[in-house]
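**Student:** Compute the structure for the input listed below.
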Amino acid sequence: MEILGFIAAIGIGLILGLIGAGGSILTVPVMVYLFAIDPFLATTYSLFIVGISSLAGIVPYTLKRQVDFKTSIFFGLPSILGVFVSRRYIHPIIPNDIIQLNGWMLSKDMLLMLLFAVLMVFAALNMIWKKEIATDAHKANDQIGKIIVQGLLIGILVGLVGAGGGFLIIPALIIFNKMSLKTAIGSSLLIIALNSLFGFISSTNIDEIHWPLLLEITAIALAGMLLGSWISQKADAAKLKPFFGYFVLFMAIWILYQELH
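**Tutor:** Below you'll find the predicted structure:
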(Lines give C-alpha, C1' and ligand atoms only; values in the text may rest on other atoms or scores of the structure.)
Protein backbone atom coordinates (compact mmCIF):
# COMPACT_ATOMS: atom_id res chain seq x y z
CA MET A 1 0.00 0.00 0.00
CA GLU A 2 2.93 2.34 0.67
CA ILE A 3 4.01 2.07 -2.97
CA LEU A 4 0.57 3.31 -3.99
CA GLY A 5 0.96 6.07 -1.42
CA PHE A 6 4.22 7.27 -2.95
CA ILE A 7 2.64 7.24 -6.41
CA ALA A 8 -0.29 9.25 -5.00
CA ALA A 9 2.21 11.74 -3.51
CA ILE A 10 3.32 12.63 -7.04
CA GLY A 11 -0.33 13.25 -7.91
CA ILE A 12 -0.77 15.47 -4.85
CA GLY A 13 2.02 17.79 -5.96
CA LEU A 14 1.04 17.59 -9.63
CA ILE A 15 -2.56 18.64 -9.01
CA LEU A 16 -1.52 21.40 -6.61
CA GLY A 17 0.93 22.76 -9.19
CA LEU A 18 -1.59 22.55 -12.03
CA ILE A 19 -4.60 24.28 -10.50
CA GLY A 20 -3.39 25.75 -7.18
CA ALA A 21 -5.86 23.64 -5.23
CA GLY A 22 -6.86 20.08 -4.52
CA GLY A 23 -3.57 18.67 -3.28
CA SER A 24 -4.66 18.74 0.33
CA ILE A 25 -7.96 16.97 -0.26
CA LEU A 26 -5.95 14.03 -1.55
CA THR A 27 -3.25 14.10 1.13
CA VAL A 28 -5.32 13.17 4.19
CA PRO A 29 -7.03 10.16 2.56
CA VAL A 30 -3.65 9.00 1.24
CA MET A 31 -2.11 9.27 4.71
CA VAL A 32 -5.05 7.49 6.38
CA TYR A 33 -5.83 4.72 3.90
CA LEU A 34 -2.47 4.02 2.25
CA PHE A 35 -0.03 4.75 5.09
CA ALA A 36 -2.37 3.75 7.97
CA ILE A 37 -1.82 7.02 9.87
CA ASP A 38 -4.27 8.25 12.51
CA PRO A 39 -6.70 10.78 10.93
CA PHE A 40 -5.79 13.74 13.14
CA LEU A 41 -2.06 13.03 12.82
CA ALA A 42 -2.66 12.70 9.07
CA THR A 43 -3.93 16.30 9.03
CA THR A 44 -0.59 17.37 10.56
CA TYR A 45 1.30 15.44 7.85
CA SER A 46 -0.95 17.06 5.26
CA LEU A 47 -0.26 20.59 6.51
CA PHE A 48 3.50 20.06 6.20
CA ILE A 49 3.42 18.36 2.78
CA VAL A 50 1.02 20.87 1.25
CA GLY A 51 2.75 23.86 2.89
CA ILE A 52 6.23 23.00 1.63
CA SER A 53 4.96 22.02 -1.81
CA SER A 54 2.96 25.25 -2.18
CA LEU A 55 5.95 27.32 -1.09
CA ALA A 56 8.02 25.79 -3.88
CA GLY A 57 5.18 26.15 -6.37
CA ILE A 58 5.00 29.92 -5.87
CA VAL A 59 8.36 30.47 -7.58
CA PRO A 60 7.35 30.12 -11.27
CA TYR A 61 4.19 32.20 -10.72
CA THR A 62 6.21 34.94 -8.99
CA LEU A 63 8.67 35.07 -11.87
CA LYS A 64 5.75 35.68 -14.24
CA ARG A 65 4.16 38.28 -11.91
CA GLN A 66 1.17 36.02 -11.30
CA VAL A 67 1.00 36.45 -7.50
CA ASP A 68 -1.07 39.27 -5.96
CA PHE A 69 0.86 39.73 -2.72
CA LYS A 70 -1.39 42.50 -1.34
CA THR A 71 -4.60 40.50 -1.59
CA SER A 72 -2.84 37.39 -0.37
CA ILE A 73 -1.91 39.19 2.83
CA PHE A 74 -5.47 40.49 3.40
CA PHE A 75 -6.75 36.96 2.89
CA GLY A 76 -3.87 35.02 4.40
CA LEU A 77 -3.32 36.70 7.77
CA PRO A 78 -6.93 36.23 9.00
CA SER A 79 -6.81 32.65 7.75
CA ILE A 80 -3.69 32.04 9.85
CA LEU A 81 -5.64 33.26 12.88
CA GLY A 82 -8.42 30.83 11.96
CA VAL A 83 -5.91 27.97 11.72
CA PHE A 84 -4.53 28.81 15.17
CA VAL A 85 -7.97 28.99 16.78
CA SER A 86 -9.01 25.72 15.15
CA ARG A 87 -5.91 23.71 16.05
CA ARG A 88 -5.50 25.08 19.57
CA TYR A 89 -9.06 25.54 20.81
CA ILE A 90 -11.72 23.92 18.62
CA HIS A 91 -10.25 20.48 17.96
CA PRO A 92 -9.28 19.75 21.61
CA ILE A 93 -12.84 20.34 22.86
CA ILE A 94 -14.39 17.86 20.41
CA PRO A 95 -14.98 14.64 22.43
CA ASN A 96 -13.40 11.41 21.22
CA ASP A 97 -16.79 9.65 21.30
CA ILE A 98 -19.49 11.94 19.94
CA ILE A 99 -22.62 9.86 19.38
CA GLN A 100 -23.47 6.26 20.26
CA LEU A 101 -26.66 4.82 18.83
CA ASN A 102 -27.68 1.14 18.78
CA GLY A 103 -24.07 -0.03 18.92
CA TRP A 104 -22.93 2.48 16.27
CA MET A 105 -20.34 5.04 17.41
CA LEU A 106 -19.50 8.35 15.79
CA SER A 107 -15.94 9.07 16.91
CA LYS A 108 -13.90 12.23 16.51
CA ASP A 109 -11.75 10.55 13.84
CA MET A 110 -14.83 9.46 11.89
CA LEU A 111 -16.32 12.94 12.17
CA LEU A 112 -13.14 14.47 10.72
CA MET A 113 -13.15 12.08 7.77
CA LEU A 114 -16.88 12.65 7.13
CA LEU A 115 -16.36 16.42 7.27
CA PHE A 116 -13.45 16.03 4.91
CA ALA A 117 -15.58 14.01 2.49
CA VAL A 118 -18.32 16.67 2.53
CA LEU A 119 -15.72 19.34 1.75
CA MET A 120 -14.45 17.16 -1.08
CA VAL A 121 -17.97 16.97 -2.55
CA PHE A 122 -18.23 20.76 -2.36
CA ALA A 123 -14.82 21.11 -4.00
CA ALA A 124 -15.68 18.62 -6.73
CA LEU A 125 -18.96 20.32 -7.65
CA ASN A 126 -17.19 23.69 -7.67
CA MET A 127 -14.54 22.37 -10.06
CA ILE A 128 -17.10 20.72 -12.32
CA TRP A 129 -19.64 23.54 -12.54
CA LYS A 130 -17.85 26.78 -11.70
CA LYS A 131 -17.23 29.11 -14.62
CA GLU A 132 -14.12 31.25 -14.25
CA ILE A 133 -14.10 35.00 -14.79
CA ALA A 134 -11.02 35.41 -16.97
CA THR A 135 -9.61 38.89 -16.52
CA ASP A 136 -6.41 40.55 -15.39
CA ALA A 137 -8.17 43.58 -13.93
CA HIS A 138 -7.65 42.43 -10.34
CA LYS A 139 -7.39 45.18 -7.73
CA ALA A 140 -7.55 45.58 -3.95
CA ASN A 141 -11.33 45.56 -3.94
CA ASP A 142 -13.88 47.53 -1.97
CA GLN A 143 -14.93 44.51 0.08
CA ILE A 144 -11.78 43.85 2.11
CA GLY A 145 -13.97 43.15 5.15
CA LYS A 146 -15.60 40.22 3.35
CA ILE A 147 -12.20 38.94 2.23
CA ILE A 148 -10.97 39.05 5.84
CA VAL A 149 -14.04 37.13 7.07
CA GLN A 150 -13.64 34.53 4.31
CA GLY A 151 -9.97 34.12 5.19
CA LEU A 152 -10.86 33.57 8.84
CA LEU A 153 -13.50 30.94 8.06
CA ILE A 154 -11.28 29.10 5.59
CA GLY A 155 -8.46 29.12 8.15
CA ILE A 156 -10.72 27.41 10.68
CA LEU A 157 -11.51 24.68 8.15
CA VAL A 158 -7.84 24.34 7.24
CA GLY A 159 -6.85 23.81 10.86
CA LEU A 160 -9.64 21.34 11.55
CA VAL A 161 -9.30 19.02 8.58
CA GLY A 162 -5.76 19.71 7.39
CA ALA A 163 -6.91 21.04 4.02
CA GLY A 164 -5.08 23.85 2.28
CA GLY A 165 -8.37 25.47 1.27
CA GLY A 166 -7.38 26.25 -2.31
CA PHE A 167 -10.66 24.96 -3.71
CA LEU A 168 -12.40 27.72 -1.70
CA ILE A 169 -9.69 30.39 -2.01
CA ILE A 170 -9.47 30.42 -5.82
CA PRO A 171 -13.20 31.07 -6.47
CA ALA A 172 -13.14 33.86 -3.86
CA LEU A 173 -10.12 35.51 -5.47
CA ILE A 174 -11.65 35.31 -8.93
CA ILE A 175 -15.12 36.54 -7.95
CA PHE A 176 -14.21 39.28 -5.48
CA ASN A 177 -10.90 40.44 -6.99
CA LYS A 178 -11.62 39.67 -10.65
CA MET A 179 -8.28 37.92 -10.97
CA SER A 180 -7.25 35.89 -13.97
CA LEU A 181 -7.08 32.16 -13.29
CA LYS A 182 -3.28 32.06 -13.34
CA THR A 183 -2.96 34.94 -10.86
CA ALA A 184 -5.57 33.34 -8.61
CA ILE A 185 -3.58 30.09 -8.68
CA GLY A 186 -0.32 31.83 -7.77
CA SER A 187 -1.96 33.84 -4.99
CA SER A 188 -3.76 30.74 -3.71
CA LEU A 189 -0.46 28.87 -3.43
CA LEU A 190 0.96 31.67 -1.26
CA ILE A 191 -2.10 31.67 1.03
CA ILE A 192 -2.07 27.86 1.23
CA ALA A 193 1.61 27.88 2.15
CA LEU A 194 1.00 30.41 4.94
CA ASN A 195 -2.05 28.53 6.24
CA SER A 196 -0.53 25.09 6.09
CA LEU A 197 2.88 25.86 7.57
CA PHE A 198 1.43 27.90 10.42
CA GLY A 199 -1.10 25.13 11.07
CA PHE A 200 1.74 22.63 11.21
CA ILE A 201 3.83 24.73 13.59
CA SER A 202 0.84 25.22 15.91
CA SER A 203 -0.01 21.51 15.98
CA THR A 204 0.13 19.76 19.33
CA ASN A 205 1.21 16.36 18.01
CA ILE A 206 4.41 17.14 16.06
CA ASP A 207 6.37 14.85 18.38
CA GLU A 208 4.36 11.89 17.06
CA ILE A 209 5.55 12.41 13.47
CA HIS A 210 7.70 9.78 11.74
CA TRP A 211 10.03 12.31 10.08
CA PRO A 212 11.85 10.05 7.59
CA LEU A 213 8.50 9.01 6.09
CA LEU A 214 7.13 12.56 6.08
CA LEU A 215 10.22 14.02 4.40
CA GLU A 216 10.24 11.23 1.81
CA ILE A 217 6.60 11.87 0.91
CA THR A 218 7.21 15.63 0.83
CA ALA A 219 10.17 15.26 -1.54
CA ILE A 220 8.07 13.20 -3.94
CA ALA A 221 5.19 15.69 -3.74
CA LEU A 222 7.65 18.51 -4.43
CA ALA A 223 8.74 16.84 -7.64
CA GLY A 224 5.08 16.57 -8.68
CA MET A 225 4.49 20.21 -7.72
CA LEU A 226 7.35 21.51 -9.86
CA LEU A 227 6.17 19.40 -12.79
CA GLY A 228 2.59 20.59 -12.32
CA SER A 229 3.64 24.26 -12.16
CA TRP A 230 5.64 23.87 -15.37
CA ILE A 231 2.71 22.21 -17.18
CA SER A 232 0.31 24.86 -15.85
CA GLN A 233 2.35 27.60 -17.51
CA LYS A 234 2.06 25.75 -20.83
CA ALA A 235 -1.52 24.48 -20.66
CA ASP A 236 -5.00 25.82 -19.96
CA ALA A 237 -5.45 24.73 -16.34
CA ALA A 238 -9.14 25.67 -16.38
CA LYS A 239 -9.87 22.75 -18.72
CA LEU A 240 -8.30 20.34 -16.25
CA LYS A 241 -10.53 21.33 -13.34
CA PRO A 242 -13.73 19.48 -14.37
CA PHE A 243 -11.83 16.24 -14.90
CA PHE A 244 -10.17 16.54 -11.52
CA GLY A 245 -13.54 17.45 -10.02
CA TYR A 246 -15.01 14.10 -11.06
CA PHE A 247 -12.01 12.31 -9.56
CA VAL A 248 -12.41 14.15 -6.25
CA LEU A 249 -16.13 13.39 -6.24
CA PHE A 250 -15.38 9.69 -6.70
CA MET A 251 -12.91 9.77 -3.79
CA ALA A 252 -15.40 11.58 -1.57
CA ILE A 253 -18.06 8.95 -2.22
CA TRP A 254 -15.51 6.21 -1.50
CA ILE A 255 -14.53 7.80 1.84
CA LEU A 256 -18.19 8.19 2.83
CA TYR A 257 -18.77 4.52 2.01
CA GLN A 258 -15.68 3.41 3.99
CA GLU A 259 -16.62 5.44 7.07
CA LEU A 260 -20.36 4.70 7.11
CA HIS A 261 -20.37 1.10 5.87
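**Student:** From now on I want contacts and neighbour counts done on CA atoms only, so please keep to that.
**Tutor:** OK.
**Student:** I'd assumed Pro242 was in contact with Ala123.
**Tutor:** No - Ala123 lies out of contact with Pro242 (CA atoms under 8 Å); the separation is 10.5 Å.
**Student:** more neighbours, those two?
**Tutor:** Counted by other CA atoms under 10 Å, Ala123 and Pro242 do not tie: Ala123 has more neighbours, with 24 against 17.
**Student:** if I look at that one, how far off is Gly23?
**Tutor:** Applying CA to CA, to the nearest Å, the value for Ala123 to Gly23 is 12 Å.
**Student:** How about Asn177?
**Tutor:** Taking CA to CA, one finds Asn177 at 23 Å from Gly23.
**Student:** At which residues are the helices of the stretch 51-200 of the chain located?
**Tutor:** 69-85, 91-93, 108-129, 144-161, 166-177, 181-201 (DSSP state H, counting those that start in this stretch).
**Student:** Go through the ones you listed and name the closest to Ser46.
**Tutor:** Nearest of those to Ser46, taken as CA to CA: helix 181-201 at 8.1 Å.
**Student:** Was I right to think Phe74 contacts Gln150?
**Tutor:** No - using CA under 8 Å as the test, Phe74 is too far from Gln150 to be in contact (10.2 Å).
**Student:** Just name the most buried of the helices of the stretch 51-200 of the chain.
**Tutor:** helix 181-201 (a mean of 28; mean count of other CA atoms under 10 Å).
**Student:** list the helices and strands whichever helix or strand comes after it packs on?
**Tutor:** Sequence order places helix 211-234 as the next helix or strand after helix 181-201, per DSSP states H and E. Contact analysis of helix 211-234 by 3 or more CA pairs under 8 Å, 6 or more residues apart in numbering; DSSP states H and E lists helix 2-19, helix 39-63 as its packing neighbours.
**Student:** ok so, going back, which neighbours do Ala123 and Gly23 have in common?
**Tutor:** Contact criterion CA atoms under 8 Å, 6 or more residues apart in numbering; residues shared by Ala123 and Gly23: none found.
**Student:** Listing request: residues of the stretch 51-200 of the chain with sub-threshold pLDDT.
**Tutor:** For the stretch 51-200 of the chain, the stretches flagged by pLDDT under 70 are 127, 130-142, 162-165, 167-168, 171, 175-176.
**Student:** Recalculate using a threshold of 80.
**Tutor:** 87, 91, 100-104, 109, 112-113, 116, 119-120, 122-124, 126-143, 157-181 (pLDDT under 80).
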